[in-house]
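Q: the following comprises the amino acid sequence and a computationally predicted model.
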Amino acid sequence: MGVPSTVAYLDVTAGVAGDMCLGALVDAGLPLASLTEIVAALGLQGVTLAARRVTQGAFAATKVDVVVAGAPAPAPEARGAPRHPHVHGPVAVGEDAHGHAHRTLADVLAIVRKAKGLSPEGLADAVRAFTLLAEAEGKVHGIPAEAVHFHEVGALDAIVDVVGTCVGLRRLGVLEVRTSALPWSTGRVKAAHGDLPLPAPAVTHLLLGHPTYPSGETFEQVTPTGAALVRALSRGIEPPAGFVPRAVGLGAGDHPGGRLPNVVRLVVGETGGDRTPTDAVLLETNLDDATGQQVGHALEQALAAGALDAWAVPVTMKKSRPGVVLAVLAEPSTAAALEAVLLRETPTLGVRRTTVARTVLPRRTAAVPTTYGPIHVKVRTTPWGDEATPEYEDCRLAAQRAGVSWRLVAAAATAAWTGTRPA
């Protein structure tokens with residue numbers, strides 16, 4: 001028998017930004033004093049937090065502001081304008097001619113890793129968020145992630161947004177985060193070097209693999225910091241089977257919003273601890289005229305749309321032609337949407353649908369310390385004990401930073417789990 005697992009479902013239908021996530025945490029029950037402790041642990045001088053109740057549309061929500069001593073307050077017309085990454089190639093770290101503080105990825109990660117007394121799992125999430133953001137900015141500008149220099153997103157308030165969200169979730173006991181589809185807005189946004197199309201270039205890279213929907217809005221709903229948090233934290237787009245909500249929090253942004261109020265909704269709940277029999281839908285189609293590229297793309301699109309799993313099996317079809325059986329395992333609620341993916345992305349003439357029973361083991365994520373930094377492991381609870389598998393993305397990023405093989409980092413994480421797990 002397993003134990004209940006605390007899961008957070010982050011509803012980002014109206015958009016997401018770092019300060020909105022902080023507000024949702026406080027609204028869901030995390031004391032502001034707990035976030036203040038996180039700021040103190042980061043050693044950020046002159047940085048304080050303030051929380052207030054606001055109304056966004058018809059909803060009451062919490063707005064958390066990161067106040068930096070000596071920083072000028074935004075002009076009234078600028079309130080609600082997003083903090084946007086201002087990216088350079090290699091420059092001297094410090095202040096530029098405009099008084100902006102420039103920090104490399106290494107500078108930001110050094111601040112995060114020096115924090116004392118904070119959850120290693122939360123810090124690992126924050127490291128991953130900033131690393132993903134630097135990689136996205138590097139792709140936009142054609143430079144390595146290590147050569148990216150930030151000012152707004154590397155500023156003190158953004159560090160508080162990211163670390164506060166990641167560590168704050170752990171302080172609420174959250175072991176796994178799910179997020180909804182993200183809005184795809186259009187229009188333009190003002191940034192340090194002029195206007196940018198929406199979604200902003202770095203945000204577009206961060207959205208790769210995560211479902212979106214056309215929002216019809218023309219203001220920036222998803223900031224780079226918000227997109228990096230979703231990419232670093234999200235383990236799926238649907239609440240898990242057996243999810244029981246326990247607390248709800250709404251975090252507000254500065255923008256007045258559009259068709260939807262500018263809020264993020266955080267729902268914290270639990271999944272059952274027993275091995276749970278559940279139904280799923282198996283979608284299958286036989287293909288003998290699809291290219292390898294079409295099959296691979298269809299698999300990627302199915303997983304991005306929320307498939308529980310997706311795979312292709314080689315078979316011999318009529319007239320001795322080689323082909324594949326493309327299969328997708330879906331929750332009943334997403335079966336129709338995933339069937340549409342198969343019909344759209346392959347030349348199939350039809351899709352078989354079968355209801356199958358499956359037994360789901362309780363699972364959670366944990367972070368273990370290694371010489372390459374904290375690495376997340378996926379832990380499953382079985383009748384004969386807990387077993388852990390290192391998270392691929394954590395190992396990849398750590399291996400890239402250290403200049404070693406992925407296999408070496410994964411082995412270190414496995415050894416750390418074996419040595420630190422309770423008997």
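A: Received the coordinates, thanks. Residues are numbered from 1 along each chain as shown.
Q: any buried residues in the lengthiest strand in the chain, and which?
A: For the chain, the longest strand by residue count, based on DSSP state E, is strand 276-287. Using 16 or more other Cβ atoms under 10 Å as the test for burial, strand 276-287 gives 276, 280, 281, 282, 283, 284, 285, 286, 287. Any C-beta I mention is one placed from the backbone N, CA and C, and that applies to glycine too.
Q: can you list those residues in TSV and add pLDDT and distance to residue 188?
A: Conversion of the buried residues of strand 276-287 to TSV gives the following (pLDDT from 0 to 100; distance: Cβ to Cβ, whole Å):
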residue	pLDDT	distance to residue 188
276	58	47
280	89	43
281	94	41
282	96	44
283	97	40
284	97	44
285	96	41
286	96	46
287	94	42
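Q: turn those into JSON lines, including distance to residue 311.
A: Shown next, in JSON lines, are the buried residues of strand 276-287 (distance: Cβ to Cβ, whole Å):
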{"residue": "276", "distance to residue 311": "23"}
{"residue": "280", "distance to residue 311": "14"}
{"residue": "281", "distance to residue 311": "15"}
{"residue": "282", "distance to residue 311": "11"}
{"residue": "283", "distance to residue 311": "11"}
{"residue": "284", "distance to residue 311": "10"}
{"residue": "285", "distance to residue 311": "12"}
{"residue": "286", "distance to residue 311": "14"}
{"residue": "287", "distance to residue 311": "13"}
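Q: circling back to that earlier point, chain center to the longest strand of the chain, what's the gap?
A: 26 Å (Cα atoms, centre = their mean, to the nearest Å).
Q: mind listing residues that contact that strand?
A: For strand 276-287, the external contacting residues (Cβ atoms under 8 Å, 6 or more residues apart in numbering) are 241-242, 295, 308, 315, 317, 323-332, 335, 338-339, 342, 346-348, 350-360.
Q: filter these to the buried ones?
A: If we count by 16+ other Cβ under 10 Å, the contacts of strand 276-287 have these buried: 241-242, 295, 308, 323-324, 326-331, 335, 338-339, 342, 346, 348, 351, 360.
Q: tell me which of these fall in helices.
A: 295, 335, 338, 339, 342 (DSSP state H).
Q: and the helices in the chain, which stretches?
A: Using DSSP H, helices in the chain cover 18-27, 32-41, 105-113, 120-141, 156-171, 201-206, 224-233, 292-304, 335-345, 392-402, 406-420.
Q: reformat those helices as TSV; add distance to residue 53 and mean pLDDT.
A: Shown next, in TSV, are the helices of the chain (distance: least, Cβ to Cβ, whole Å; pLDDT from 0 to 100):
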stretch	distance to residue 53	mean pLDDT
helix 18-27	9	96
helix 32-41	12	92
helix 105-113	30	88
helix 120-141	26	88
helix 156-171	18	92
helix 201-206	29	91
helix 224-233	22	93
helix 292-304	37	89
helix 335-345	37	93
helix 392-402	37	85
helix 406-420	42	89
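Q: among those, which is nearest residue 374?
A: helix 120-141 (3.5 Å; Cβ to Cβ).
Q: so which elements touch the closest one?
A: Other helices and strands packing on helix 120-141, by 3 or more Cβ pairs under 8 Å, 6 or more residues apart in numbering; DSSP states H and E, are helix 105-113, helix 156-171, helix 201-206, helix 224-233, strand 363-368, strand 375-382, helix 392-402.
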